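Asks: Give the three-dimensional model of this entry:
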Amino acid sequence: MSIPQQGGGLIESFDQLAQYIASGEKPRDAWRIGTEHEKFGYLTDSLLPLPYAGERSIQSILEALQHRFGWEPIFEQGMIIGLTRNGANISLEPGGQLELSGAPLKDMHAAAHELQDHLREVHSITDAMGIQFLGLGAAPQWSHDQMPMMPKGRYRLMTDYMGRVGTHGTQMMYRTSTVQVNLDFASESDMVLKMRTAIALQPVATALFASSPLFEGKPNGHKSWRSRIWRGLDDARTGMLPFFFEDGMGYERYVDYVLDTPMYFVYRDGNYINALGQSFRDFLRGELPALPGEKPTLSDWADHMTTVFPEARVKKYIEMRGADVGDVRHINALPAFWTGLMYNQTALDGAWDLVKGFDPQTREGLRIAASVSGLQGEANGIRLHDLAREAVALSKTGLAARAMASQDGLLPDETHYLAPVEESVATGRTMADDILENWNGAWQGDITKIYEGYNL
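Replies: Sure, this is the predicted structure:
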């Protein structure tokens, strides 16, 4: 999850809120790729999740990365809770999932190299400590009580609130991991087209990258339990945003949606002030109960924007949020898939043509079907396997047209990174299918076997 936002003066008009989003507009030659992925740390001797503090811990890893590799620390209440370097951040999810939020990079080759460097640095520290990391969309075995809580005030507030507004919120916070990509837009109309296409195609990403069929030590009845969790979290801030497909959609309509989403907190002087359920509209009028008489800054608005969790999200860029994390190949495939679709106009127009006829019931039906059945899912006569086949082909066309060669010249373009999803389209199988086959076959129901084959 996001670290506190910095900078930005007092908000004096509604227009500033929409302008904040518009300030992210970039010409095509400045478009970049930012990959984020989370992963579960665990102790190899006990197979228990990694604690925050101690000799073998999240804290010790962050401190070692700081001292050995030049990362700058981020502290909260004197505790190290993240790192930053050259436009990238390492942060902590509530249950200790270690997250790399990559720098904005020009092409997939650079993104893949960044991931390789990150894992090399982490493993140079953790291998000798008996620590490994799982690349799965949901913790396959651990109970809620076994999960540590990271020392971040934001998470303490959210944990309390999640239990009041949904059924699966704390599962999302403590026992899921995702991979997402952040991509740019050129204009308001470009943002709308990309968001509409991204929202409608998120079920395809959920199906292709499904890796969480096991939870609490057994099959859970879904290919992506992480996706199921998001459907039981908080209807006020999650979902498929049907209003995005209505006439007149633009920055201001998205601002209205975020303003109508109940607040979590206000960040002041290193502290998270409880504003649970309060209204940012009241804050704009200086009537927020948590801070009577005080009006928000643009950094407060940026913070609030990070507390909406739809399947695709707008900030100063667009976030594609629908996928389980997987192995290294799948972590690279996710940004490649969306880059191919979003950064070539022919591919983007073709992708929109695939989904523009879907009504809200079909989009939501596909979202549910992807969670339950993966590529075998369907809704209203639309088969996810067929839709995935066409979307992956369009993405490959888009990546080929970009013609971004690797620095060493060995790869003429970025299509190489689509290999895992091309294999899934060809076979109809995903990581989730392989895991279930192993569970029912070679593993004979022994959950500990999963730690042997799904490490990052």
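
Asks: where does this protein have low pLDDT?
Replies: Regions of the chain meeting the criterion pLDDT under 70 cover residues 1-7, 166.

Asks: give me that answer again for 80
Replies: Scanning the chain for pLDDT under 80 picks out the ranges 1-8, 159-161, 163-167, 169.

Asks: which other helices and strands contact the lengthiest strand in it?
Replies: Ranked by residue count and defined by DSSP state E, the top strand of the chain is strand 33-43. Packing partners of strand 33-43 (3 or more C-beta pairs under 8 Å, 6 or more residues apart in numbering; DSSP states H and E): strand 98-101, helix 108-126, strand 131-134, strand 178-183, helix 328-342. The way it works is simple: take the backbone N, C-alpha and C, and place the C-beta from them, glycine included.

Asks: Need the winner for burial among these.
Replies: Highest mean neighbour count among the helices and strands packed on strand 33-43 (mean count of other C-beta atoms under 10 Å): helix 328-342, with a mean of 26.

Asks: one step back: out of the helices and strands packed on strand 33-43, which comes closest to Asp434?
Replies: helix 328-342 (11.6 Å; C-beta to C-beta).

Asks: packing partners for the next helix or strand after that closest one?
Replies: Downstream of helix 328-342, the first helix or strand assigned by DSSP states H and E is helix 345-355. Applying 3+ C-beta pairs under 8 Å, 6+ apart, one finds that helix 345-355 contacts helix 188-208, helix 328-342, helix 384-402.

Asks: so which of these is the most packed in?
Replies: Of those, helix 328-342 is the most buried (mean count of other C-beta under 10 Å), at a mean of 26.

Asks: which residues touch Ala200?
Replies: Val355, Lys356, Phe358, Arg363 (C-beta atoms under 8 Å, 6 or more residues apart in numbering).

Asks: and if you look at Glu38?
Replies: Applying C-beta under 8 Å, 6+ apart, the residues contacting Glu38 are Glu93, Gln97, Leu98, Glu99, Ser177, Thr178, Val179, Val325.

Asks: ok, Leu298 touching Gln16?
Replies: Yes: contact criterion C-beta atoms under 8 Å: Leu298 and Gln16 qualify, at 6.8 Å.

Asks: Ala207: what's it in contact with?
Replies: Lys223, Ser224, Ala370, Ser373, Gly374, Leu375, Gly377, Leu384, His385, Ala388, Thr430.

Asks: Restricted to strands, list the residues you listed.
Replies: Members of these lying in strands (criterion: DSSP E): none.

Asks: Among those, which are located in helices?
Replies: Using DSSP state H, the members of those that fall in helices are Ala370, Ser373, Leu384, His385, Ala388.

Asks: just to revisit the earlier point, got a winner among the contacts of Ala200 for most neighbours?
Replies: Arg363 (24 neighbours; other C-beta atoms under 10 Å).

Asks: Now that residue: closest residue in space, sequence neighbours ignored.
Replies: Met240 (5.1 Å; C-beta to C-beta, 6 or more residues apart in numbering).

Asks: Report how many residues lie close to that neighbour.
Replies: Neighbour tally, Met240, other C-beta under 10 Å: 20.

Asks: That one and Asp359 touch, don't they?
Replies: No: using C-beta under 8 Å, Met240 is not in contact with Asp359; the gap is 11.3 Å.

Asks: Now do the helix or strand containing Gly322: which elements does it pack against?
Replies: If you go by DSSP H and E, Gly322 is part of strand 318-324. On a contact count with 3+ C-beta pairs under 8 Å, 6+ apart, strand 318-324 meets strand 178-183, helix 188-208, helix 225-230, strand 312-314, helix 328-342.

Asks: and the two most separated of the contacts of Ala207?
Replies: Once C-beta to C-beta is applied, those give Ser224 and His385 as the farthest pair, at 15.0 Å.

Asks: Phi, psi for Ala290 please.
Replies: phi -70, psi -30 (degrees, to the nearest 10).

Asks: quick one on the thing from earlier: how about JSON lines for the helices and strands packed on strand 318-324, with distance to Lys449 added?
Replies: JSON lines is the format used below for the helices and strands packed on strand 318-324 (distance: least, C-beta to C-beta, whole Å):
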{"stretch": "strand 178-183", "distance to Lys449": "23"}
{"stretch": "helix 188-208", "distance to Lys449": "24"}
{"stretch": "helix 225-230", "distance to Lys449": "18"}
{"stretch": "strand 312-314", "distance to Lys449": "35"}
{"stretch": "helix 328-342", "distance to Lys449": "20"}
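
Asks: And those: which comes nearest His304?
Replies: strand 312-314 (12.4 Å).

Asks: so who does Gly293 touch?
Replies: Going by C-beta under 8 Å, 6+ apart, Gly293 touches Gly286.

Asks: mind exporting the strand holding Gly322 as PDB, just the C-alpha atoms?
Replies: Only the C-alpha atoms of strand 318-324 are listed here, as PDB (Å, rounded to 0.1, in the frame of the first residue of the first chain):
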ATOM      1  CA  ILE A 318      -3.600   4.400 -14.100                       C
ATOM      2  CA  GLU A 319      -3.100   1.300 -12.000                       C
ATOM      3  CA  MET A 320      -4.200  -2.100 -13.300                       C
ATOM      4  CA  ARG A 321      -4.900  -4.000 -10.100                       C
ATOM      5  CA  GLY A 322      -6.600  -7.300 -10.900                       C
ATOM      6  CA  ALA A 323      -3.900  -9.900 -10.800                       C
ATOM      7  CA  ASP A 324      -2.500 -12.400  -8.200                       C
END
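
Asks: What pairs with it, parallel or antiparallel?
Replies: strand 178-183 (antiparallel), strand 312-314 (antiparallel) (DSSP bridges).

Asks: Name the residues of the last one that are buried.
Replies: What it means is strand 312-314. Residues Ala312, Arg313, Val314 are the ones in strand 312-314 that count as buried (16 or more other C-beta atoms under 10 Å).

Asks: Make TSV out of the residues you listed and add distance to Tyr267.
Replies: Listed next are the buried residues of strand 312-314 as TSV, based on distance: C-beta to C-beta, whole Å:
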residue	distance to Tyr267
Ala312	25
Arg313	19
Val314	21
